[in-house]
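# Below are the sequence and a predicted model; questions follow.
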Amino acid sequence: MSSPSSSSSRQATRIPGPVETSIQQKIIEAFEPVLLRVYNDSSKHAHHAAMRASGGGNGETHFAIHLVSPTFKGKTSIARHRMVNALLKDEFDNHGLHALSLRLKTPEEWEKEGGGEMR
Amino acid sequence: MSFARAGLRTLRSLPPSQVYRSSVLIHQRRLISDEARKLIDNAVQSNPLVVFMKGTPEAPQCGFSRAVCQILDVQGVPREKIVSYNCLEDQELRSAIKEYSEWPTIPQVYVKGEFVGGCDIVLSMHQSGELENLLIKEGLAPPLPEEEPAPKA
């Protein structure tokens, strides 16, 4: 029988890279999140044409972010995406960030969906 | 020189959120040529559905681009109604389109000249039914045959 904590203990020992760390910090400061999960999906995309062209990327190119924050209240999904994209402009322009998959909810919306996590 | 100082003064007098936007706009004017902007304007305004993507709908080169094409396919949008641009074949377009929409990623979907969103937004609009409504309204997808015709308001 496999240990139920195997995946979380693996996460705890994983050291986030500099881009992931700055994504975390900036979002915490700007959005005061109720929930924040940052998933580094870069390894799933390292073989893509664009990544191959840049030498496989730096291992911090593709992220998925699940963010629940009251800041999103009354904002369209485009506006929410723009807020996060703008916050991470430096990562996009200067630190190799290439793709973000965003799930951006207000606490009320998140509760209505059952309060789960992206994965 | 005085122009730069005036610009700096303006930036200082603005709230931080505005400063960011102003600096983006200044930056943008410098990077995207009028010619590139005109070409994109023309492309999105003269075609009802435009997808800027990596690869082609037949052979997408990125999972996000593939997802957008699959969603349009599921929605019943005929292939001939999708005008797609392969950003991997045109480096200038690849950077210009990001400046044009102030959106840092590809794919980007435009309907009737309006930027709709990238993969996440198109997917969530697909799930909520919003995308179907938009595509039917703009005549890009046929209404579902088994559905009751919408009552005329």
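Looks like it arrived, so ask away. Numbering: from 1, shown residues only, chains lettered A, B, ... in the order given.
# Now for A:Trp110, how many residues are close by?
Using other C-beta atoms under 10 Å in any protein chain shown, A:Trp110 has 21 other residues around it. Just so you know, the C-beta spots here come from the backbone N, C-alpha and C atoms, and that holds for glycine as well.
# what mean pLDDT does the helix or strand hosting it have?
Here A:Trp110 sits within helix A:107-112, counting by DSSP states H and E. Average pLDDT, helix A:107-112: 96.
# Can you list the neighbours in contact with it?
A:Val34, A:Leu35, A:Val68, A:Ser69, A:Pro70, A:Lys73 (C-beta atoms under 8 Å, 6 or more residues apart in numbering or on different chains).
# go again using 6 Å as the cut-off
Contacts to helix A:107-112, defined as C-beta atoms under 6 Å, 6 or more residues apart in numbering or on different chains, come from residues A:Val34, A:Val68, A:Pro70.
# Repeat that for stretch B:108-126.
The contact list for stretch B:108-126 (C-beta under 6 Å, 6+ apart) reads A:77-78, A:101-102, B:44-45, B:48-52, B:64, B:67-68, B:71, B:101, B:105, B:107, B:131, B:138.
# quick check: mean pLDDT across it?
Here stretch B:108-126 scores 97 as its mean pLDDT.
# ok now do A:Asn85, which residues does it touch?
B:Pro104.
# Please, where are all the strands along chain B?
Counting by DSSP state E, chain B has these strands, from start to end: B:49-53, B:83-86, B:108-111, B:114-117.
# and the longest one, what other elements does it pack with?
Counting contacts by 3 or more C-beta pairs under 6 Å, 6 or more residues apart in numbering or on different chains; DSSP states H and E, the secondary-structure elements packed against strand B:49-53 are strand B:83-86, strand B:108-111.
# Save those strands as JSON lines, and put in mean neighbour count too.
Shown next, in JSON lines, are those (neighbours: other C-beta atoms under 10 Å in any protein chain shown):
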{"stretch": "strand B:83-86", "mean neighbour count": "20"}
{"stretch": "strand B:108-111", "mean neighbour count": "23"}
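# Of those, which is nearest A:Gly96?
Taking C-beta to C-beta, strand B:108-111 is the member of the helices and strands packed on strand B:49-53 nearest to A:Gly96, at 20.2 Å.
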